[in-house]
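Novice: Fold the following and give me the result.
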Amino acid sequence: METAKLLDVVDVHKGFSRPDGSEYVVLDGVNLFLAQDEIVGLLGRSGSGKSTLLRLIAGLSKPGRGRLTCLGRAVNGPPEGVAMVFQSFALFPWLTVLANVEIGLEARGVPREERRRRALEAIDLIGLDGFESAFPRELSGGMRQRVGFARALVVQPEILLMDEPFSALDVLTAETLRTDFLDLWGEGQLPIKGVILVTHNIEEAVLMCDRILIFGSNPGRVLREIAVSLPQPRDRLDPEFRALVEEIYVEMTARRTGEAPASHVERFPGTGIATVLPEVSTNLMAGLLELVDAKPYDGKADLPDIATALRMEVDNLFPVAETLQMLRFVEFSRGDIQLSAEGRHFAGLGTDGRKALFARHLLTYVPLAGHIRRVLDERPNHTARWDRFTEELEDHMSPEKAERTLKAVVSWGRYAEAFAYDDNTKLLSLEDPD
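Specialist: Next up is the predicted model:
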């Protein structure tokens with residue numbers, strides 16, 4: 001007999017209109033479900049549409065196509081029985097802890113005595129007993145996020161949506177709050193029947209979730225579902241735990257080469273002019289190349305090991321590694337990062353040599369950088385306005401992503417001395433990069 005579904009998402013599509021009338025697709029063909037007594041993780045990089053999907057489930061936005069059913073009812077506006085915990089603490093600074101927790105009940109018209117009783121129970125449950133009269137400014141980050149959890153739980157939801165709830169906290173505080181939540185969940189002390197967790201932290205997903213859905217980008221879609229059968233509480237040092245983390249790293253770095261099986265579509269496709277690029281500093285790129293080049297790695301390292309050594313989460317590590325791959329300084333192989341011959345050469349050069357090598361790779365392998373350089377070369381005054389390129393990029397992406405993409409390429413171009421930029425005049429130019 002099939003387990004009853006608390007939530008069912010069927011072939012959901014979400015896009016936004018561009019100024020030229022075309023559509024920028026954020027999510028396409030997304031299917032997922034949440035069964036009773038399970039935590040489902042949505043894992044992927046920023047820009048893969050995870051938070052957008054959560055907003056659709058919460059009824060804060062509507063899909064362009066597809067169907068969402070929550071607790072047996074079609075989602076049409078915020079559904080009953082669903083609450084959300086946000087990445088930011090989102091507390092009202094002028095209200096006490098008690099008043100912040102009560103406010104959702106007050107909006108629902110719950111009588112004063114009942115909402116006070118329920119709020120105090122939630123505060124006690126989440127470990128904040130004694131801080132009812134405190135204001136958010138008096139609390140640490142972890143305590144403020146506990147208030148966020150109490151405010152979500154006080155409405156007694158059946159489904160809890162969590163949008164990167166631990167990412168704004170330091171490592172130790174996040175671990176404590178994560179463990180406390182799992183203890184309460186495992187002991188059946190929470191009113192909820194199921195959880196959707198959005199995260200970009202691979203270890204967090206393996207620690208907390210019963211199933212993990214890996215999302216790809218451009219547009220956001222589910223690439224693979226991975227079941228996690230390890231018993232709770234889970235041990236990060238357990239070989240099975242490490243193997244699962246490794247498997248997810250492999251999956252998230254897989255790229256199609258030649259005639260790969262259909263199930264191995266390109267995860268983060270495209271390196272054309274219209275590709276959205278991450279704002280990764282050249283210092284981070286150089287640092288990663290130096291680290292992998294040095295002992296004990298000698299040019300090849302396991303990505304999970306690197307992430308642990310650098311205390312970097314997937315959202316921070318992957319953009320650096322993938323930018324280096326785009327520049328042909330590294331390659332991925334089953335969760336490992338391996339320096340190319342040019343990558344090792346870069347690590348051994350001095351400042352001027354690195355700049356010259358980086359410039360060659362930038363103009364050769366990043367089409368937008370080559371395009372900017374050609375435009376500047378061809379113009380008699382060798383200048384072009386910033387918005388000349390952002391307007392071109394906006395034919396393919398949102399204005400915000402166009403701005404970030406151009407910022408990234410201009411930063412790389414300035415480091416390489418391939419072209420210059422004056423923020424006062426908003427002009428790109430050639431300042432004799434040779």
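
Novice: Let me know the average pLDDT across the lengthiest helix in the chain.
Specialist: For the chain, the helix reaching the highest residue count under DSSP state H is reported as helix 399-416. The predicted model assigns helix 399-416 a mean pLDDT of 90.

Novice: Does anything pack onto that helix? Which helices or strands?
Specialist: helix 282-293, helix 351-365, helix 367-378, helix 386-393, strand 420-422 (3 or more Cβ pairs under 8 Å, 6 or more residues apart in numbering; DSSP states H and E). Every residue, glycine included, has its C-beta placed from N, CA and C.

Novice: Could I get these in JSON lines, plus columns for mean pLDDT and distance to residue 95?
Specialist: Output for the helices and strands packed on helix 399-416, formatted as JSON lines (pLDDT from 0 to 100; distance: least, Cβ to Cβ, whole Å):
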{"stretch": "helix 282-293", "mean pLDDT": "90", "distance to residue 95": "40"}
{"stretch": "helix 351-365", "mean pLDDT": "91", "distance to residue 95": "51"}
{"stretch": "helix 367-378", "mean pLDDT": "89", "distance to residue 95": "47"}
{"stretch": "helix 386-393", "mean pLDDT": "89", "distance to residue 95": "41"}
{"stretch": "strand 420-422", "mean pLDDT": "92", "distance to residue 95": "45"}
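
Novice: Run through the residues that contact the residue nearest to residue 210 when sequence neighbours are not counted.
Specialist: Closest residue to residue 210 apart from its sequence neighbours, by Cβ to Cβ, 6 or more residues apart in numbering: residue 38 at 4.2 Å. By Cβ atoms under 8 Å, 6 or more residues apart in numbering, the residues touching residue 38 are 194, 195, 210, 211.

Novice: Could you pull up phi and psi at residue 38?
Specialist: Main-chain torsions, residue 38, degrees, to the nearest 10: phi -130, psi 150.

Novice: out of the contacts of residue 38, which are inside strands?
Specialist: Among these, the ones falling in strands (DSSP state E) are 194, 195, 211.

Novice: For the first one, give the beta-bridge partners.
Specialist: Spelled out, that is residue 194. Taking DSSP bridges as the rule, residue 194 bridges to residue 38, residue 159.

Novice: For it, list the residues it contacts.
Specialist: 6, 7, 34, 35, 36, 37, 38, 39, 40, 158, 159, 160.

Novice: try 7 Å this time
Specialist: With contact taken as Cβ atoms under 7 Å, 6 or more residues apart in numbering, residue 194 is in contact with 6, 34, 35, 36, 37, 38, 159.

Novice: Sketch out the low-pLDDT regions of this structure for me.
Specialist: Per-residue confidence for the chain (pLDDT under 70) gives these ranges: 1-3, 18-21, 89, 253-272, 274, 313-315, 432-434.

Novice: Report the residue ranges of every domain in it.
Specialist: Domains of the chain are assigned by automatic domain parsing as 5-81+157-253, 282-347, 353-429.

Novice: Can you lay out the ones you listed as a markdown table showing distance to residue 139?
Specialist: Formatted as a markdown table, these follow (distance: least, Cβ to Cβ, whole Å):
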| stretch | distance to residue 139 |
| --- | --- |
| domain 5-81+157-253 | 12 |
| domain 282-347 | 24 |
| domain 353-429 | 32 |
